[in-house]
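A.B. asks: sequence first, then the predicted structure:
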Amino acid sequence: MKTGIVVFPGTWSDRDCAHALLEVLGEPVRFVDYRERDLGDLNLVILPGGFSYGDYLRCGAIARFTPVMNAVADFANRGGLVLGICNGFQILQEARLLPGALLRNASCEFRCEWVQLRVEQSDCAFTVDCRPGQVLRIPISHGEGNFFADPHTLESLEANGQIVFRYCTADGRITPEANPNGSLRNIAGVANARGNVLGLMPHPERACEPLLGGDDGLAIFRSAIHALNRVAV
Amino acid sequence: MTYRAEVFVTLKPVVNDPAGLTIRGGLHALGFESVKDVRAGKYLSILLDEADEDQARSRVEEMARQLLANEVIEDFRIELQPEPALAESRGGGPS
Amino acid sequence: MTYRAEVFVTLKPVVNDPAGLTIRGGLHALGFESVKDVRAGKYLSILLDEADEDQARSRVEEMARQLLANEVIEDFRIELQPEPALAESRGGGPS
Amino acid sequence: MAAVIDRFALAAVALSADEYRAIVAALGRDPSELELGMFGALWSEHCSYKTSKALLRQLPTEGPHVLQGPGENAGAVDIGDGLAVVFKIESHNHPSAIEPYQGAATGVGGILRDVFAMGARPIAILDALRFGPLEQGRNRHLFQGVVAGIGGYGNCFGCPTVGGEVYFDPAYSDNPIVNAMCVGLVEHDRLRRARADRSGDLVLLVGADTGRDGIHGATFASVEMDERSAARRPAVQVGNPFLEKLLCEACLRLNQLDGVTAIQDLGAAGLTSAAAELAHRGRRGIDIDVARISRREREMSAYDVMLSESQERMLVVVRPEAETAARQIFDHFELHADRVGSITSTGRIRVRDEGAVVADIPLKVLVDGVPARSPASEVPDKQPSLGMPSIEEPEAVLLDLMARPNLRSRRPIFRTYDHQVQDNTVWGPGFDAALLRVPGTTKGLALTTDGNPWYVALDPYEGTKAAVAEAARNIVCSGARPLAVTNCLNFGNPERPFVFGQLQESVRGLADACRAFELPVVSGNVSLYNETSERNIPPTPVIGMVGLLDDLALRCPAGFQEDGDLVFLLGDTSEELAGSEYWRLIGARPEGRPPIVSLEMERRLQAALLDSIGRGVLRCAHDVSDGGLLVALAESALFSGRGLRCPGITSPVSREAFYFGESQGRVIVSVAPRRVPELQKLMAKHHVPLHAIGVVGGEDFQVGSDIRISLESLRQAWETPF
Ligand SMILES: Nc1ncnc2c1ncn2[C@@H]1O[C@H](COP(=O)(O)OP(=O)(O)O)[C@@H](O)[C@H]1O
Ligand SMILES: [Mg+2]
């Protein structure tokens, strides 16, 4: 497997993702510049967190038009695995590869803290290693992670099983108190209909080592690796 | 009487505007070469009850001065109209 | 010809507006009790060279549709005037 | 004196008539307007340290691990494995008072540039803040704006904010304190000095276009604020953390390139200061052509360009043959670079505008020539220690204390800061010191800032000593060994004798404490003239400290770990209540003698702690500081959600002093019962007093018959929102 980590101007969790994959999981990675147009050598593409173009107009709005995004769209349409983390999630939505939008946090404040996620779907490529209902502890770090979609879209997301993670309490309950940003229905991560593109606000790459507070994030990367191996077999 | 005030807050011309510059760069990259300058600001639409238009205007000016803008780096402009058909005042509701 | 376009980007009425709510709270705390609702949006002032007003307007509409607003959550409105006395076009210069 | 140079012109550049005469004498002629502006900037307090320089000479700055002491953009200390830690703290008080968000944001931007100018990757930010009480709307506005601005810049840039401190006192109402510290890492052989020592090198100006930003910001930070300053040219600007991120990545890549001589950030006094210091450090001269500089605005004069303080700009000095390679790096990051001049052998800074020479000054005069100021000073008499008021209800007092703005949980603040980005944060904010992994090693860096303002206000010498001791204690509690110090001296108007006296005493305390702990001071910053309408801030030194932990596996947490563990107090308590939070809670007058640090005892305590932590004897260690013993115990309980039972402690001093006094040199620790004999032996060996306190466990916090509170009520008090 080979993972590409896309670097836009202003991206910062590129190095963290590379650390998690390479140093913790021993998976080869390569950084992909936003001007590149060819992802032919890759099996997994990560759009990491950060503030692409400063997030000045809208998170992800400008990054979405960089050359690499055409390649990412092609890659996704061919069934390649694409993971958007935080700013990467926002970029995928701007590019219409994922539904909905992310508004300012309801508190209007940035939030950096550990949260719990309930795995809602285990047939998404990024959760094949998880049980439905499993609770993962992973940090968030964002000012605009408040998931919004119109009622029609929401219903179809529910119906198609595209809601992959929801914010929950430590024992897996979906409550308003467990929702750190005001997201509709506590949605923390959604997939496309085909299940090969996932976007989530929390940062799994920050939860890969007990030394740093926990390693539940590994489940997401390992799932992708296993999903790919399965296809390859 | 209910009024709708629109407040436009912009950075003073002498102040640098990173957001405006970055948006201009984004427009150029999209092929909108004719764009020479972009300044980014805030737009606030405020619904308020006041006795008359003068009073409404002077209240909104106070708000802008105290909270909505920082005159060290920002300018603001206010536009005001009466909001006629507002049956009921809905909290966070839209116009 | 040089035109100045003003683009107002607002959240759609069905989308809730945390920034607007927070500002309303701030205004109430400052004693501006008459404020019933605040909606927060973006204000962009764009200077561009185009052949005529129609073309300028349609270009700015394209910009708004493609980049400046996200139609999933936002609406926009455009106002346009010719910018008369602009002697010289310098990169990041203010008007 | 030339007719044009009147009192007002000098006031505009904040120079005295004597200083003007010194300039004329050195140049052998009257300075031009631009030259006078350049002198005003470089001879300002902010750039020249003319009032504090002589005092700062007392500080120890050398040590076996010091790779770079004061005098460069930041200090650097060896941490083994070929790596160096680079750090510095700086103030942005004045801009933050005017525009709190942008003032604080650009403060973070400035200190980040100091660190990556040294070739180091910034790995952590800390912020030390002081405000007036939040009951006043303006203070709340400043507080919220500053916190949002620090997060806004650091979060976007991608450097974690891992620690700091926030205190509230009416004395800071007009004049908040905003200090930011940045810590970076670099390989020894990539540590870069901002020193242009080769004639013929090219000077590139990279980053933002130059606007009329903060012209005379440097002088502005050196005179008191008054009503007029609001009407001056806006001295606050809008930070661009996105551009700074690109600049940083470009500089780090540039740092790997052969043929790059020096990198220098543009800060106070802009291009004038950057160019002059760069060339002067290398004993060279520099030519600048202002016509080549990209501007943001029309009709900017040479004066505007040379003195602009536009943010997010760097000077890069390269050999001519390296220019192309350097430009490739800038192009990669879509950064704009102008070639604005060259390094010469003249020893002068020469500024040209469209061919004409508009300034020509010997660097020795401009950079080093300012006559030192030694204002009159007045050192107050030592205060007597005061008698104790007695308390009726310790439980109510404890709950009140936990909820006080100065003691309650800082989580509402630090959860708005990204404290994890870069994947090295072992412990973020919330404990004694933050702990970061040194990537690629088993080592950790412990980071803290400290400076209890009330002790310093009561006694600048003792208070500053205490700040150093507390910082070191915080580091040691995590298991790390203190390495070196940075400091920010925030004081009032030094032309007032009592203020200069405070500064003198404070620096003396800093020097004595650093010597006692063998801690070199490798960088720092002085912020004077924190005076508004004749009201001066209390003396506010802030100590930033970095410590090294050789093996992260040996780190020691601050919260109780296991039920049944035994809790001890290390160190002795005296009848000391003046300056404590309890003192303010009961409304006592701000007078008396603050807690006094015995440097000798403190050294023993810290050695004993490191010894015990190194042997794995301790389960937790937490320093007893603001609020006193019970507050420290309550915090250790809340950190981990484990209760505490103290069977009734026999207090060697009055109950008030024991429970709520802030005697220094004390730490609470917990140990597994079977290791108690070892602990006793170690403390005996180091001659550190050991007092049994209680047992970890349960849902309650219980002290004899005085206190029995559920952890939940403690938590509620502690988590009172701001
Ligand atoms: N402004 C701030 N930014 C980040 N962290 C902060 C800030 N203020 C306080 N903290 C963190 O909160 C904790 C408590 O602060 P403080 O009471 O000053 O600690 P201590 O007494 O151990 O020095 C520390 O971990 C500190 O780093
Ligand atoms: Mg402390």
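C.D. replies: It's in. Since the model is a prediction, treat every value here as computed from it, not as a measurement. Ligands and ions are numbered 1, 2, ... in the order given.

A.B. asks: what about the residue in chain D positioned nearest to chain B, distance to residue D:331?
C.D. replies: Using C-beta to the nearest C-beta, the closest approach of chain D to chain B is made by residue D:240 at 3.6 Å. No exception for glycine: its C-beta is placed from N, CA and C like everyone else's. Between residue D:240 and residue D:331 the distance is 19 Å, computed by C-beta to C-beta, to the nearest Å.

A.B. asks: and the two? Which one has more around it.
C.D. replies: Ranked by neighbour count (other C-beta atoms under 10 Å in any protein chain shown), residue D:240 and residue D:331 place residue D:240 first, with 29 against 12.

A.B. asks: list the strands paired with the one helix or strand residue D:343 maps to, with their directions.
C.D. replies: Taking DSSP states H and E as the definition, one finds residue D:343 inside strand D:337-344. When pairing is defined by DSSP bridges, strand D:337-344 lines up against strand D:202-207 (antiparallel), strand D:285-289 (antiparallel).

A.B. asks: got these as a markdown table, with distance to residue D:643, mean pLDDT and mean neighbour count columns?
C.D. replies: Formatted as a markdown table, the strands paired with strand D:337-344 follow (distance: least, C-beta to C-beta, whole Å; pLDDT from 0 to 100; neighbours: other C-beta atoms under 10 Å in any protein chain shown):
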| stretch | distance to residue D:643 | mean pLDDT | mean neighbour count |
| --- | --- | --- | --- |
| strand D:202-207 | 54 | 97 | 25 |
| strand D:285-289 | 65 | 97 | 24 |
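
A.B. asks: possible to save those strands as CSV with distance to residue B:38?
C.D. replies: Listed next are the strands paired with strand D:337-344 as CSV, based on distance: least, C-beta to C-beta, whole Å:
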stretch, distance to residue B:38
strand D:202-207, 19
strand D:285-289, 30
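
A.B. asks: to residue D:716, which of these lies closest?
C.D. replies: strand D:202-207 (48.1 Å; C-beta to C-beta).

A.B. asks: quick one: the closest one to chain centroid distance?
C.D. replies: Averaging C-alpha positions (C-alpha atoms, centre = their mean, to the nearest Å) puts strand D:202-207 29 Å from its chain's average.

A.B. asks: can you pull out the strands in the stretch 351-500 of chain D?
C.D. replies: Under the criterion DSSP state E, counting those that start in this stretch, the stretch 351-500 of chain D contains strands at D:356-362, D:425-427, D:434-437, D:444-450, D:481-490.

A.B. asks: rewinding a little: I figured the residue of chain D closest to chain B hits residue A:53, correct?
C.D. replies: No - if you go by C-beta atoms under 8 Å, residue D:240 and residue A:53 don't touch, sitting 11.2 Å apart.

A.B. asks: can you name the element that comes right after the longest strand along chain B?
C.D. replies: As far as residue count goes, and with DSSP state E defining each element, the longest strand of chain B is strand B:35-49. As assigned by DSSP H and E, the chain's next helix or strand after strand B:35-49 is helix B:53-63.

A.B. asks: quick one on the thing from earlier: now the strands of the stretch 351-500 of chain D as JSON lines including mean neighbour count and distance to residue D:371?
C.D. replies: Shown next, in JSON lines, are those (neighbours: other C-beta atoms under 10 Å in any protein chain shown; distance: least, C-beta to C-beta, whole Å):
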{"stretch": "strand D:356-362", "mean neighbour count": "18", "distance to residue D:371": "16"}
{"stretch": "strand D:425-427", "mean neighbour count": "22", "distance to residue D:371": "47"}
{"stretch": "strand D:434-437", "mean neighbour count": "26", "distance to residue D:371": "42"}
{"stretch": "strand D:444-450", "mean neighbour count": "29", "distance to residue D:371": "33"}
{"stretch": "strand D:481-490", "mean neighbour count": "25", "distance to residue D:371": "21"}
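
A.B. asks: nearest to residue C:17, of those?
C.D. replies: Closest to residue C:17 of the strands of the stretch 351-500 of chain D, according to C-beta to C-beta: strand D:425-427, at 33.2 Å.

A.B. asks: the nearest residue to residue A:42 once chain neighbours are set aside - how many residues pack around it?
C.D. replies: Of all residues not flanking residue A:42 in the chain, residue A:4 sits nearest, at 4.2 Å (C-beta to C-beta, 6 or more residues apart in numbering or on different chains). Residue A:4 is flanked by 24 other residues according to other C-beta under 10 Å.

A.B. asks: residue A:4: which element?
C.D. replies: strand A:3-7.

A.B. asks: also residue D:547?
C.D. replies: Going by DSSP H and E, residue D:547 is in strand D:540-549.

A.B. asks: residues touching the residue of chain B found nearest ligand 1, list them.
C.D. replies: Residue nearest to ligand 1 within chain B (C-beta to the nearest ligand atom): residue B:70, separated by 21.9 Å. When contacts are counted by C-beta atoms under 8 Å, 6 or more residues apart in numbering or on different chains, residue B:70 touches residue D:99.

A.B. asks: for it, give me phi and psi.
C.D. replies: With angles defined as degrees, to the nearest 10, residue B:70 sits at phi -110, psi 110.

A.B. asks: ok, the residue in chain B sticking out farthest from the centre to residue A:9 distance?
C.D. replies: Within chain B, the residue lying farthest from the chain centre (C-alpha atoms, centre = their mean) is residue B:31, at 28.3 Å. Plainly put, residue B:31 is 19 Å away from residue A:9 if you go by C-beta to C-beta.
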